[in-house]
Structure formats: C-alpha cells, structure tokens
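**Q** Okay, here's the prediction I keep looking at, along with the sequence it came from:
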Amino acid sequence: MTCLAFIQNPEVIPAVNEAISTFWNDGQLITGDPVKQMSSQWGAASQARILLVDLSYVADPVAFVASINTKIRYDQIVIYIGTQNDIPLFRKITENPLADYLITPITGQDILNAAAHLSDRKMDLNQKQEKNYRGKIMGFVGSHGGVGTSSLAAAFAWSLAEELKKKVLLIDMDMNLGIQSFLFDVKPRFGLQDAMNAPSRIDQGFVDDLCIKKTPHFHLICSEASLTSFALLKEDGLIRLLEVVEKNYDYIIYDMPRSLVVKMASFIERLSYLFITTDSTVIGLRDTILLSNQAVFYKNVNTVGVVLNRVKTNNPDLIAARDFDARVKVKVVGVIPDATDLLLKSINESKPVAQLDPQSDYTQAIHTLIENVTDETGFPEVKSSPFMKTISTVLHKFKK
C-alpha cells in the first residue's frame, strides 16, 4: 500500500481524500482516534510507504510521535497533521529525517508537496548511505551474551591496524566488565564515566589522557569503573567523544552492549557500519532477527550485517548459514569458524587471535570480513583451507 491515513479531525478529511484520489490510488483513509486505530492496525501501517497521522486531538502528541518513531521502518515516510504550533512537538517529529508536520488548514496539494519533498530526501539519504556505507566508524554488538563479539572486534581492529597499517581506535563500551584490556594486556584508564555526566569535559586533551597507545597504529579506550557504582553510557557523551576522535583515525571500532541499539538511535545512526555477531543456534537466530529489525529503523539496510561466529561445518544441531541468511532481513557478511582452543589461548596470553595466529582460519575469516565491508585489501595470501573455500562460496552466494 502506498498511503495509509489515520485522521480524526473532520476538517482534514477532505484534503486527505483529495491527495489519495489524485495521487495514491491504493491509499486508504481510516477515521477515528489515531492512537487507538494505529495500535490495532499496526500490521497494515508498517507496510505502507507513506503514513498520514492526525495529531489534532491527541492528548500527548510528543509521546505519541515518540512511540511511532520506535516502530516505523527506516525508509517509511510519515506526515503528521495537527493544529498545535509547538516547538517541542516539531523537534520530536523532525528527529526522523523522513517526517514532516503540516499545520491546519491544509489542502491536498500541501500533502502531496510534503510527500514529494520527503521522497526526494529519502533518495538523497539512500544515495549518501550507499556511497558511504564503507565508512570508518563501526560497531560490533552481540545478538546475545557469550557469542564472542569482543574477540571478534579485537581481531578486526588489530588486523586493520597492524597488518594494513591503518590508524585504528578500539573503544570498549562496557565500562564495568570490558574484556579488551585483558585481550591486549593494558591497564584501563579512569575518567570516562565522569565525562559521560559532563560531555563538555571531552576535548582533545581529555582524549589524549584516556587513550592507551598500544602501538603507533593501534589505540584503545578501556575505562574500568567500580561495580559498586555501575557505569552508565550516555548518548550525548558518546556523540561528543566521537566528534573529537573521528578526525584522528582511519577506523574507529566500538565493542558495544546490545542495549545501545534500542536506547541510542542518534548514536547508532552515526555508525558507518553495524555488525551483529551471533551463533548459528535457534536463540541466536531469534535474537538476531529482533536486533536487526530494530537496527534498520535507524540505518539503511546496507549498513547492517550479520557475522556468524563459532561455525562448525556439518553440525546438525546448528542452523545452516544459508538458512540463517534467508530468515534475517540484513545480509550475512562474515562466517567465522569455531576456534575455542585458540580463543582461550588468546585470553590467557593477552593477545588477539589475529596477532597470536595470523594464518589460522579464524584470522583469515576476519580478513575476508574486512574485505567484504571495506575497500581495504593487501592481506598476505595464505593457502586456503577446506573451511575457507567453503565459506568463500557461501558468502559469494549471499552477495547475489
């Protein structure tokens, strides 16, 4: 369906009917309280390319718009119509780049003009994201606990920095129980939690004190807070930190808790690419579907990818990679083999797998992942193992 309209104000109905009859032959007008109607008919609303939503009689329009923002698709156009000339409401509406607000009285042409403007903006955003999705700010998040996200992020960052000589900053966003300091045998720095509470403190000097310079190309931010005062990440602090560091590095890699995908839309939108790490279990599939559906509310579908970790070939208890790819709306961009012994050795020796064994199947799969989602090449050639030959074939099919 092209357009679905939820209208309560009788003065608005003629304009909506004019727009639908003139331009959207398959459009539909639903009258009555839009809060109740949208709640009961969200299945249909989620499929419409354009939503028209009447706020004229809504008791708390700001809260209503906020609730819609959590449900709409990333590519869905929303045109709100109302009588309130209210700045907080307008700000909440325009948090979504594909939303607009028309104040009554309006005509059908006003609605068509707003839809055309948002359609142009949608095309511009899509072209920009397609052009820049191979960018430098990347986040790794696990579909659920224990899927090896931190080890994966560490190997990814190390390979870029030490094998391709890119300047890389790896940021561990778990300020209480982060593992990156163990993987690289460094002592965490203090102060990031205070900065979250006062983002104005974050400047270049602060960042220089916070960064751990492991090698000339590879830096880390690992901040350890006491468990008795549980640390909280704050979106304005994270965005301010990103603004300070992004000009100084070729790649910034975030090892992130999955809660950020739900709670911090503005931060997630700034990522060039979001990796969802998972395993090939039923729980992994379920949680990946839920997390990827949330992620694509904020991001172009081409900027979110799934990495299947700890894959064992010919294991009947695991979901096949091709079946996993078919059930998730974003693409599988990496398949990483099970390497339990190597990962344990990595933790015990405080070295990422990519440093510990650069010729292992695990490291080679990391190299393939980097080449799949960036323009980087130049990794040393290693004779392909049977696993890597299989994975190369599988990923080629996914791309198609």
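**A** It's in.
**Q** Just the strands from the stretch 251-400 of the chain, written as ranges.
**A** Per DSSP state E, counting those that start in this stretch, the stretch 251-400 of the chain carries strands over the ranges 251-256, 273-278, 304-311, 331-337.
**Q** What helices and strands are in contact with the second one?
**A** Applying 3 or more CB pairs under 8 Å, 6 or more residues apart in numbering; DSSP states H and E, we find strand 273-278 packed against strand 137-142, helix 149-158, helix 282-298, strand 304-311. The C-beta positions use only the backbone N, C-alpha and C, and glycine is treated the same way.
**Q** starting at the chain centroid, how far to that strand?
**A** How far strand 273-278 lies from its chain's middle: 8 Å, per CA atoms, centre = their mean, to the nearest Å.
**Q** Show me the shaky parts of the stretch 301-400 of the chain.
**A** Where the stretch 301-400 of the chain drops to pLDDT under 70, the residues are 317, 384, 386-400.
**Q** circling back: minimum distance to Gln41: which of the strands of the stretch 251-400 of the chain has it?
**A** strand 304-311 (27.5 Å; CB to CB).
**Q** Tell me the strands beside the closest one, with direction?
**A** Strands that pair with strand 304-311, judged by DSSP bridges, come out as strand 273-278 (parallel), strand 331-337 (parallel).
**Q** Look at Lys263 and say how many residues are nearby.
**A** Using other CB atoms under 10 Å, Lys263 has 12 neighbouring residues.
**Q** give the contact list for it.
**A** Glu235 (CB atoms under 8 Å, 6 or more residues apart in numbering).
**Q** before we move on, what about Pro14?
**A** By CB under 8 Å, 6+ apart, the contact set of Pro14 is Gly108.
**Q** Export the strands of the stretch 251-400 of the chain to TSV and append columns for distance to Glu162.
**A** What follows is the strands of the stretch 251-400 of the chain, written out as TSV (distance: least, CB to CB, whole Å):
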stretch	distance to Glu162
strand 251-256	12
strand 273-278	20
strand 304-311	20
strand 331-337	19
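**Q** Where do the strands of the stretch 51-200 of the chain begin and end?
**A** Using DSSP E, counting those that start in this stretch, strands in the stretch 51-200 of the chain cover 77-82, 99-103, 137-142, 168-172.
**Q** Mean neighbour count and distance to Thr94 added to the strands of the stretch 251-400 of the chain, as TSV?
**A** Output for these, formatted as TSV (neighbours: other CB atoms under 10 Å; distance: least, CB to CB, whole Å):
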stretch	mean neighbour count	distance to Thr94
strand 251-256	25	26
strand 273-278	26	23
strand 304-311	26	23
strand 331-337	23	30
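**Q** Nearest to Pro10, out of those?
**A** Proximity to Pro10 (CB to CB) singles out strand 304-311 among these, at 42.2 Å.
**Q** Give me the angle between the closest one and helix 149-158.
**A** Relative orientation of strand 304-311 versus helix 149-158 (axes from the mean of the first three to the mean of the last three CA atoms, to 10 degrees): 110 degrees.
**Q** contacting residues around strand 304-311?
**A** 147-149, 152, 273-280, 288, 292, 295-296, 318, 321, 324-325, 328, 330-340, 369, 373.
**Q** Just grab the bridge partners of the residue lying closest to Ile72 once chain neighbours are set aside for me.
**A** Using CB to CB, 6 or more residues apart in numbering and skipping the chain neighbours, the partner closest in space to Ile72 is Val78 (6.3 Å). In this structure, Val78 bridges to Leu51, Ala99 when assessed by DSSP bridges.
**Q** quick one: the residue lying closest to Gln180 once chain neighbours are set aside and Tyr254, what's the gap?
**A** Nearest in space to Gln180, with sequence neighbours left out and distances taken as CB to CB, 6+ apart, is Asp172 at 3.9 Å. The spacing between Asp172 and Tyr254, counted by CB to CB, to the nearest Å, is 8 Å.
**Q** again with Gln180
**A** 11 Å.
**Q** who's in contact with the residue nearest to Ala66 when sequence neighbours are not counted?
**A** Spatial nearest neighbour of Ala66, excluding adjacent residues (CB to CB, 6+ apart): Lys92 at 6.1 Å. Shown in contact with Lys92 (CB under 8 Å, 6+ apart): 62, 65-66, 69.
**Q** Lys92 and Asp208, how far apart?
**A** 37 Å.
**Q** Ok, Tyr57 next?
**A** For Tyr57 relative to Asp208 (CB to CB), the value is 54 Å.
**Q** hang on, the earlier thing: for the strands paired with strand 304-311, which one sits closest to Met38?
**A** Closest to Met38 of the strands paired with strand 304-311, according to CB to CB: strand 273-278, at 28.0 Å.
**Q** average model confidence for the closest one?
**A** In this model, strand 273-278 has a mean pLDDT of 94.
**Q** about what we covered before: I'd like the strands paired with strand 304-311 written out as CSV, with distance to Asp100 added.
**A** Shown next, in CSV, are these (distance: least, CB to CB, whole Å):
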stretch, distance to Asp100
strand 273-278, 27
strand 331-337, 31
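**Q** can you list residues touching both of Gln180 and Tyr254?
**A** The contact lists of Gln180 and Tyr254 share Ala153, where a contact means CB under 8 Å, 6+ apart.
**Q** about what we covered before: state the distance from the residue nearest to Gln180 to Thr22.
**A** In terms of CB to CB, Asp172 sits 55 Å off from Thr22.
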